[in-house]
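Colleague: 3D model of this:
(2 chains)
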Protein chains: 2
Amino acid sequence: MLLILFTNMDDSRLYSTRQPKIYAILCAMADTYIVADIGGTQIRAALFPSYQTTPVKIVRTSTQGDGQEPLERLLNLIATIWPVSDRVVAIAVAAPGPSDPYEGIVFEAPNIPGWTNVPLKKHLQERFQTLATIGNDANLAAMGEWRYGAGKGHNHLLYVTVSTGIGGGVISDGKLLLGVRGLAGELGHITVDPNGPMCGCGKRGHLEAIASGPAISRWVADEISRGVPSILSSRVNFSAKDVAWAANENDLLAKTALKRAGTYLGIAFADFLHIFNPSAIIIGGGVSRSGSHLLVPLRNALREHVISEAYLEDLVITTAALGDEVGLMGALALAQTLA
Amino acid sequence: MLLILFTNMDDSRLYSTRQPKIYAILCAMADTYIVADIGGTQIRAALFPSYQTTPVKIVRTSTQGDGQEPLERLLNLIATIWPVSDRVVAIAVAAPGPSDPYEGIVFEAPNIPGWTNVPLKKHLQERFQTLATIGNDANLAAMGEWRYGAGKGHNHLLYVTVSTGIGGGVISDGKLLLGVRGLAGELGHITVDPNGPMCGCGKRGHLEAIASGPAISRWVADEISRGVPSILSSRVNFSAKDVAWAANENDLLAKTALKRAGTYLGIAFADFLHIFNPSAIIIGGGVSRSGSHLLVPLRNALREHVISEAYLEDLVITTAALGDEVGLMGALALAQTLA
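Modeller: Have a look, this model is predicted:
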């Protein structure tokens, strides 16, 4: 905030009976945050004034290309929304894949070939000469839902995204849980059945291997190939979204598949309650929109496996509120921690 | 610290050539902590000066009796070591069983019939008019090992006690993880095999149901009853300690039992790494002293189930250092947080 004052003191010498006047020109130099979300297909960047949670500018570009190219595109995208007169307090970027949130290094990014150990925070700081920080998308989704979404006011909160994979983020006592290297919160890679199917990570029986979108549709396809009837049997390819559709059409196999996934999610959620004793679990990702065919078995399994009702008494389980903007809102919440 | 000054001003009137002398009597009123540990058979209390981690007094009494009786005995025990001239900064008590660490209420205590919802913190504060706090034994063991034991310097640390049950405590970013009601850290009640044996808590397939001391000896007894040979087959009753002895005598069944328990512990530890990304896991409790027959399979299973070597690179897995005094040392660490 810059205040420039002019007075009519010179005039007052000529017209001595008049009181001096003060002319004020208020040059509002507001604090702002710039945030970006590197998605699988597009990079988005937004400019938020510090006093509001709706962006004044939002821009997009494609994620496509190798290594240096998407990085340059991200930096240039940010430059296009750089405010002319306002101050940028911090830049925060939601990056896909594993990263070091302390050093600000993206270890690798799905869909961006050649992004290996990219020192993103350093690039941002050098280009823009301001504070910068990064976080992985699931962690920042937890931050976003906590500050601005379905988890507002819950300082002990878990966010679980059930999508192509199963990721997570944990708010513990009002702080994002990172661990010693920033690798905490991989909630999809807990073993729920040591004899279960192989996970995408190469290990067996993880929650992700049973309850993620591809795991659900794969299980249905396997059952169909064994001769179990389903309205999906005529399809060559189908997704978990199609399974949810079939369940709504009262398809028994589809309903069984969602019940199975929901039950294992409930078992895992009981583990999370015993470990964290949160007051909210927020479920995001496409599979969370499968409705009661998934969520009722989830709640039943949770109730069946929890060791004490006390864990359930203060607990809210709900679906995510923020939708596509969760990455940007999470990055905003992260940027604000630097203020 | 109380400083009392006397001068010889009266004398100086008589002997006016002498300078007044100042006599100082230094009454050292040091800060102290009183801590107590309510065990299954005995209650111990200790007095620690704030500048040292060895107690100047330590006293014991029996835990036996109903409700009010052990409570009075605890309060009287503390009174016996109350310092005459020093200040007690805070009292902290390690209580067995589940409790509310915020309100200081012990929900129930194994081995103390009638201890239900005992407002222990309130009793301590009213009797001694000082700050008071309580914690459950596994959480305080985590605090103790973190501050004074095998976990020194590890601000992301898990403590897992493998004994009659399996309990835990988590230090996350230099703070004890409590959760919204103080029920966090129940690391023994995560499901490692949904088709596994029934747990003492009444739920199926928990880590405690497979890898606790009674679970190990029960599994061996079941195998013996099926005709599997073992040097333990002549015994009527045996414990996990006996199983460890038999394993050291090269008994195949005993070795298999410890391998099974160690493997499931390793699977659970991999979960904990993915969830918390700690730099240390401390294993306490009697079963942790089973040696390599348990710990080698544990490490092998951990390595097999972890999704990335990055979780292992900074990781120390070690047995507890504090032994029987862990409850008192944990209570000391907790008391110090009130200073």
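Colleague: could you dump stretch A:168-179 to CSV, C-alpha only?
Modeller: C-alpha atoms of stretch A:168-179 as CSV (Å, rounded to 0.1, in the frame of the first residue of the first chain):
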residue,chain,number,x,y,z
GLY,A,168,-3.6,-39.2,0.0
GLY,A,169,-2.7,-36.2,2.1
VAL,A,170,-2.9,-35.8,5.9
ILE,A,171,-3.5,-32.7,8.0
SER,A,172,-2.2,-33.5,11.5
ASP,A,173,-2.9,-31.0,14.2
GLY,A,174,-3.3,-28.2,11.6
LYS,A,175,-0.2,-29.1,9.6
LEU,A,176,0.4,-31.0,6.4
LEU,A,177,2.2,-34.3,7.3
LEU,A,178,5.3,-34.6,5.1
GLY,A,179,7.7,-36.9,6.9
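Colleague: Can you list the buried residues in that stretch?
Modeller: A:G168, A:G169, A:V170, A:I171, A:S172, A:D173, A:L176, A:L177, A:L178, A:G179 (16 or more other C-beta atoms under 10 Å in any protein chain shown). Quick note: C-beta positions are derived from backbone N, CA and C, even for glycine.
Colleague: Now A:P98: closest residue in space that isn't a chain neighbour?
Modeller: A:F107 (4.6 Å; C-beta to C-beta, 6 or more residues apart in numbering or on different chains).
Colleague: Give the other helices and strands that the host helix or strand of that neighbour contacts.
Modeller: According to DSSP states H and E, A:F107 maps onto strand A:105-108. In terms of contacts (3 or more C-beta pairs under 8 Å, 6 or more residues apart in numbering or on different chains; DSSP states H and E), strand A:105-108 is packed against strand A:99-100, strand A:116-118, helix A:120-128.
Colleague: So the residue most central in space within chain A versus A:L232, what's the distance?
Modeller: Of all residues in chain A, the one closest to the mean position by C-alpha atoms, centre = their mean is A:A141, 2.1 Å from it. Counting by C-beta to C-beta, to the nearest Å, the gap from A:A141 to A:L232 is 30 Å.
Colleague: same check, this time on A:S50
Modeller: From A:S50 to A:L232 the distance is 50 Å (C-beta to C-beta).
Colleague: rewinding a little: would you check that the residue nearest to the centre of chain A makes contact with A:L157?
Modeller: No - assessed by C-beta atoms under 8 Å, A:A141 is found out of contact with A:L157, at 11.2 Å.
Colleague: can you give me the strands in the stretch 151-300 of chain A?
Modeller: Using DSSP state E, counting those that start in this stretch, the strands of the stretch 151-300 of chain A run over residues A:157-162, A:166-172, A:175-176, A:280-284.
Colleague: Out of those, flag the one nearest B:G67.
Modeller: strand A:166-172 (34.9 Å; C-beta to C-beta).
Colleague: Those residues of the stretch 51-200 of chain A touching chain B, which are they?
Modeller: A:98, A:155-156, A:170, A:172-173, A:175, A:177-187, A:189-195 (C-beta under 8 Å from any C-beta of the partner chain).
Colleague: Show the buried residues in those.
Modeller: A:98, A:156, A:170, A:172-173, A:177-187, A:189-194.
Colleague: Can you give me the distance of whichever residue of the stretch 101-250 of chain A sits closest to chain B to A:G262?
Modeller: Using C-beta to the nearest C-beta, the closest approach of the stretch 101-250 of chain A to chain B is made by A:G179 at 2.4 Å. From A:G179 over to A:G262 the distance is 28 Å, taken as C-beta to C-beta.
Colleague: Could you do A:K57 as well?
Modeller: From A:K57 across to A:G262, the span is 40 Å (C-beta to C-beta).
Colleague: Ok, A:Q52 next?
Modeller: From A:Q52 to A:G262 the distance is 38 Å (C-beta to C-beta).
Colleague: repeat for A:S233
Modeller: For A:S233, the distance to A:G262 - C-beta to C-beta - is 22 Å.
Colleague: Looking only at neighbour counts, state which of the two leads.
Modeller: A:G262 (26 against 17; other C-beta atoms under 10 Å in any protein chain shown).
Colleague: and the closest residue to that one other than its chain neighbours, how many neighbours?
Modeller: Spatial nearest neighbour of A:G262, chain neighbours left out: A:P297 (3.4 Å); criterion: C-beta to C-beta, 6+ apart. A:P297: 21 surrounding residues under other C-beta under 10 Å.
Colleague: pLDDT wise, what is A:P297 at?
Modeller: The per-residue pLDDT reported for A:P297 equals 97.
Colleague: and it, what does it touch?
Modeller: By C-beta atoms under 8 Å, 6 or more residues apart in numbering or on different chains, A:P297 lies in contact with A:L258, A:K259, A:R260, A:G262, A:T263, A:G266.
Colleague: and those residues as a markdown table, adding pLDDT?
Modeller: Rendered in a markdown table, the data for the contacts of A:P297 read as follows (pLDDT from 0 to 100):
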| residue | pLDDT |
| --- | --- |
| A:L258 | 98 |
| A:K259 | 98 |
| A:R260 | 97 |
| A:G262 | 98 |
| A:T263 | 97 |
| A:G266 | 97 |
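Colleague: most neighbours, which of the residues you listed?
Modeller: A:L258 (29 neighbours).
Colleague: you'd agree that one is up against A:L295?
Modeller: No - using C-beta under 8 Å, A:L258 is not in contact with A:L295; the gap is 9.1 Å.
Colleague: Output the strands of the stretch 151-300 of chain A in CSV, with mean pLDDT appended to each entry.
Modeller: Listed next are these as CSV, based on pLDDT from 0 to 100:
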stretch, mean pLDDT
strand A:157-162, 97
strand A:166-172, 96
strand A:175-176, 96
strand A:280-284, 97
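Colleague: count of residues packed around A:D137?
Modeller: For A:D137, using other C-beta under 10 Å, the count is 24.
Colleague: how far does the helix or strand containing A:A333 sit from the chain's center?
Modeller: Here A:A333 sits within helix A:326-336, counting by DSSP H and E. Centroid separation between helix A:326-336 and its chain, computed with C-alpha atoms, centre = their mean, to the nearest Å, is 8 Å.
Colleague: Same question for stretch A:147-160.
Modeller: With C-alpha atoms, centre = their mean as the basis, stretch A:147-160 stands 12 Å off its chain's centre.
Colleague: quick one, what contacts A:I58?
Modeller: For A:I58, the contact set (C-beta under 8 Å, 6+ apart) comprises A:R44, A:A45, A:A46, A:L47, A:I81, A:L328.
Colleague: Quickly note the distance from it to A:A321.
Modeller: Separation of A:I58 from A:A321 (C-beta to C-beta): 19 Å.
Colleague: same deal with A:L273?
Modeller: A:L273 sits 21 Å away from A:A321 when distances are taken as C-beta to C-beta.
Colleague: likewise A:A46?
Modeller: For A:A46, the distance to A:A321 - C-beta to C-beta - is 18 Å.
Colleague: just A:S290 next, same as before
Modeller: To A:A321, A:S290 is 17 Å away according to C-beta to C-beta.
Colleague: How about A:A142?
Modeller: In terms of C-beta to C-beta, A:A142 sits 13 Å off from A:A321.
Colleague: Likewise for A:L177?
Modeller: For A:L177, the distance to A:A321 equals 21 Å [C-beta to C-beta].
Colleague: Looking from chain B, tell me which residue of the stretch 1-150 of chain A is nearest.
Modeller: When scored by C-beta to the nearest C-beta, the stretch 1-150 of chain A has A:P98 as its residue closest to chain B, at 7.7 Å.
Colleague: In contact with the closest residue to chain B within the stretch 201-339 of chain A, which residues?
Modeller: Here the stretch 201-339 of chain A gets closest to chain B at one residue, A:N277, 2.5 Å apart by C-beta to the nearest C-beta. When contacts are counted by C-beta under 8 Å, 6+ apart, A:N277 touches A:H156, A:Y311, B:L178, B:G179, B:V180, B:R181, B:G182, B:L183, B:A184.
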